[in-house]
Structure formats: C-alpha cells, structure tokens
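Enquirer: Please work out how this folds:
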Amino acid sequence: MPGRVQPWYLRALATFWYPAPASMRGWAIASVVANIGIIVTGGAVRLSKSGLGCPTWPSCAEGDYVVRPEAGLHGAIEFGNRMLTFVVGAVVVLTVVAAWRFRPVRRSLRGYALALALGVPAQAVIGGITVLTDLNPWVVMLHLLCSMVLVGLAVTLVRRVSEGDGPARRLVPHPIRLLALGVLATTAVVVYLGAIVTGSGPHSGDEDAVRTGLDPETVSQLHGDAVLVLVGLTIGLLVGLRAVAAPARAVRAAAVLLAVELGQGLVGVVQYATDLPELLVGVHMLGAALTVAAATNLVLATRHRGAAPAAADRLGIRIEVVDYDHPDAARLVQEGLRDEARRYGSEDETPVDAAEFIAPAGRFLVAYLDGVAMACAGWREHRPDAELKRMYVAPAGRGRGLARELLAAIEQSARSAGHRRVILETGFKQPEAVALYRSAGYTDIPNFGFYADEPGCICLGKDLGTDGTT
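Expert: Okay, here's the model as predicted:
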C-alpha cells in the first residue's frame, strides 16, 4: 500500500538482513563506536580501582557468574564492564551478518567484519588473563593495544564499504604516501609508550596491583618526545598534501588528526601537571582511541580502490556502472529526454558530453529490475561538487524503490570520489522528482546551470558526510 510505513522492528531487521550500502556503513560505524566505547569503560574500571572487583574469571567470584551485593561498588563496575563486552559482541556479530548478506558479495567486507568478531572473544580471554594475573601491567597493556588494533580495523571497514576491491591506487605522490604511513607507525609507537606510562603510574586498577618497575618520569618524557615527533610529522604531511593539491578528503583527514593530536597533547600536559586526576586520564584514553582512528583514516584517504561495486537488493534491483553511450543507458536517456519534452515543450538542451561520466570525472549508472534496464542517472564534476544528471525511471519501474536506490548509489559513488555535496537542476513540472529529492534530504540552493535564469527552475543540493555519513 503506498505510503504505508513498516514497523520499526522490520526496518531494524532489514538493516542487517537486507543491508543497503548505507546500512552496511552504519554497522561499520557502530563497530568503531563500540570498540572505542569499551576502551573508555575499561579505563573507568582501572581508574576507579575496580580491576579486581570480580577477583576471578570467567566467573565473577568462585562458582558465581553474577555480581553479589557484598562485592560492593568495585564489583558492580567490573561486572558491568564485562557485560558491555556482550554489547560490543552483539554489534560486531550483526556487522558480520550484514557483511555476509550484503550484495554483491564483498569478501573484503566479510574479512574485516569477521576479524572484528573474532577480536571480541580474544579480548575477553585477554581480559580474563589480566584478572587471573592480578592485573599484570604488561597484560593490561596488551589488552589495551589489541583494542586499538580493533579500532583501526573498524575504521578500515567503514572506508572499504564506500570503495571497490581493486588494487590500491595512490592519490598522492609516493613520498607523501610514505609519510602518511610513517605517521601511522609513529602513532602506534606513541600509543605503545603511552600504555607503558600508564602501566608505570599510579592508576593500576587495584591498590595491590604491581607496576612495571620503570621510572614514570623517564617513560613520560620518552612518550612526550614521541608525541612531539608525531605532531611534527603530521604538520609536515598536512603542508605536503596542500602543496601537491591532494584530494580534499586527504587534506581534511590530516587536519582532523592534527587537531586530535593537539587536543591530546593539551590533556596530557594538564594531567601530568595536576598529578594525573582520574577524569583527565579517562579523557586521555578516549583521545588515544580517536588518534588511532584518525591516523588510520588518514592513510586510507591517501589511496583509493575504485568505485564500490554495483548494489543489489532483495527486490531484484541491480545497479551497474556503465558508459554513457551504453545501449541501455542511451535508451533510457532518450526516454527521459522525451518525457521532459512532453512536460516542458522541448527537450533538455543542457550540454552533456559522454566523457564527463568517465571516472574519475564522473560515473553513469543504470538500474535493472529483474534483469531489465529501468532507470538511469549519472554525476559529473561541477567543482567542488558532483552534479546529478539524466536521472530517469521508466514508467514500468516506478513505485518499486528504483529511484531511491539509484539516488543512494549516485551519492555513494560521488562520495567515494571525494565529493562532499551533490547538486542538481530540475523544474516545477517534475513534482514527483522534486518530492523525491526533498524527501532524501536535498534542500534549495542558488540556481545554477543552463536553465538558471528560467522561471520554474529549481536547484537543490545535499551535503555528504565523510566516509558515508550524511
């Protein structure tokens, strides 16, 4: 029935059982958030001296798998953190389901999702070992560093959803690419040294837990020196990216990383000067996770694997990237032009060149319903934006969700090419098209293009978030 809204639980089921690219990306982002969240809550356990609130593992106490009132606040905090592991596990398991159900089949997505899922029980075991070894600081460090690796994997999964599976192609000169990898490697060193500083300091997780035996001031100085090197490399990389006119996404990624590093540096200096208050140490741990995420995203922003494969869903819809002069595309474009001629009295005379829809300058897509070409659309560069052109759905394909799926695919393709906004030019005699665009989040922008000065011209635009958010 037209206009009928599905119950929320069916919509939720569809996000992982029949995942569209946006849903798959959403689960990948949820995995990033969950893995960063468990780092913060794990830090809260240690900072509140609740690391041995449950003195054994996998049970909370000998023969008891739940926390009892006599365990007190520390027991409740430690047991609560253990329960949050199941929340993280649920998120990554649903991410795996979505990756396996995603069409077309993407082995890369399945691989990263599976690695995240296997990381949860592995981390649970390492967490158990930390308890059984009475919070041995080196085991605690391993626990934290493994979580950081999982954050990096989750960020990579987010990016891989939006790109293809072709060979990695550099978007920047080789020295700049090497510098980006160097920044990531230095980030790993900084995080490792930061973990040693924590393992040598006062926040052991329990009053009786041992420390590394290393001098806290010495390792703190070493950590601080590494941070200065990291910030210097990042500044150099940012300058280099601008100098070589790197893609905007790479420049933004470097700027974000630098901002996170400076914030981390400020928190680190303040917490050191104020004798490591628990709250600031917790914020610093969150910042460390964000630094790893930002550094990983930076490296990913300096290369590309091509456009994401065509999407397909349970309704028999298949979307393929084709040449503008492909027979199916040409037929649909001509049908669309005739449709506009009936509405406006003449065909669209906007200059269009087939070369404008060849990567990396643009893309042209055709949507197939049960194997029959039913809709088309393309985007071309209209710097700094991507301009939507030649969107048309044949009458026999209308009311089947083709237009919305095709529009989402166009946005994904434009986003993968580094564009932050899609713009379009339409008219008042295409009310169904205007309604579709507005319902998809497009808003009015100043008129542009061939018909900018014509009465009834409607120009719309939609901002695209980075790595899949809108």
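Enquirer: can you give me the helices in the chain?
Expert: Using DSSP state H, the helices of the chain run over 8-17, 21-47, 72-101, 107-132, 137-161, 174-200, 216-243, 248-273, 278-301, 327-344, 402-416, 431-439.
Enquirer: domains of this structure?
Expert: 1-162, 164-308, 317-468 (automatic domain parsing).
Enquirer: Could you identify which of the ones you listed has the lowest mean pLDDT?
Expert: The weakest mean pLDDT among these belongs to domain 1-162, with a mean of 82.
Enquirer: one step back: take the domains of the chain and lay them out in TSV including mean neighbour count.
Expert: All C-beta atoms are positioned from the backbone trio N, CA, C, and that covers glycine. Listed next are the domains of the chain as TSV, based on neighbours: other CB atoms under 10 Å:
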stretch	mean neighbour count
domain 1-162	18
domain 164-308	18
domain 317-468	18
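Enquirer: residue nearest the centroid of the chain?
Expert: In the chain, the residue lying closest to the centroid (CA atoms, centre = their mean) is residue 158, at 3.6 Å.
Enquirer: my read: it touches residue 27, true?
Expert: No. Using CB atoms under 8 Å, residue 158 makes no contact with residue 27, being 9.5 Å away.
Enquirer: Out of the helices of the chain, which gets nearest to residue 55?
Expert: Closest of those to residue 55 is helix 107-132, at 7.1 Å (criterion: CB to CB).
Enquirer: for the closest one, the distance to its chain's centre please.
Expert: 19 Å (CA atoms, centre = their mean, to the nearest Å).
Enquirer: for stretch 82-89, same thing?
Expert: Counting by CA atoms, centre = their mean, stretch 82-89 comes out at 21 Å from the chain centroid.
Enquirer: before we move on, what about stretch 247-264?
Expert: That offset, for stretch 247-264, works out to 15 Å (CA atoms, centre = their mean).
Enquirer: just stretch 434-448 next, same as before
Expert: Using CA atoms, centre = their mean, the offset of stretch 434-448 from its chain centre is 25 Å.
Enquirer: Same check on stretch 343-353?
Expert: The answer for stretch 343-353 is 38 Å, by CA atoms, centre = their mean.
Enquirer: what sits up against that stretch?
Expert: 324, 337-338, 340-341, 389-390, 425, 427, 429-430, 449-451 (CB atoms under 8 Å, 6 or more residues apart in numbering).
Enquirer: Provide a list of residues in contact with residue 303.
Expert: 168, 169, 170, 171, 177.
Enquirer: Beta-bridge partners for the third one, please?
Expert: Translated: residue 170. For residue 170, the beta-bridge partners are residue 303 (DSSP bridges).
Enquirer: so how far is residue 417 from it?
Expert: 15 Å (CB to CB, to the nearest Å).
Enquirer: circling back: can you lay out the helices of the chain as a markdown table showing distance to residue 58?
Expert: Below are these laid out as a markdown table (distance: least, CB to CB, whole Å):
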| stretch | distance to residue 58 |
| --- | --- |
| helix 8-17 | 28 |
| helix 21-47 | 16 |
| helix 72-101 | 9 |
| helix 107-132 | 6 |
| helix 137-161 | 15 |
| helix 174-200 | 24 |
| helix 216-243 | 33 |
| helix 248-273 | 34 |
| helix 278-301 | 25 |
| helix 327-344 | 58 |
| helix 402-416 | 42 |
| helix 431-439 | 49 |
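Enquirer: between those, which gets nearest to residue 210?
Expert: Residue 210 sits nearest to helix 137-161 of all those, at 6.8 Å, using CB to CB.
Enquirer: For the closest one, which helices and strands make contact with it?
Expert: helix 21-47, helix 107-132, helix 174-200, helix 278-301 (3 or more CB pairs under 8 Å, 6 or more residues apart in numbering; DSSP states H and E).
Enquirer: Which one of those lies nearest to residue 409?
Expert: Ranking those by proximity to residue 409 (CB to CB) places helix 21-47 first, at 7.5 Å.
Enquirer: between the closest one and helix 8-17, how big is the angle?
Expert: For helix 21-47 against helix 8-17, the angle by axes from the mean of the first three to the mean of the last three CA atoms, to 10 degrees is 90 degrees.
Enquirer: quick one: helix 21-47 to chain centroid distance?
Expert: In terms of CA atoms, centre = their mean, the centre of helix 21-47 is found 12 Å from the chain centre.
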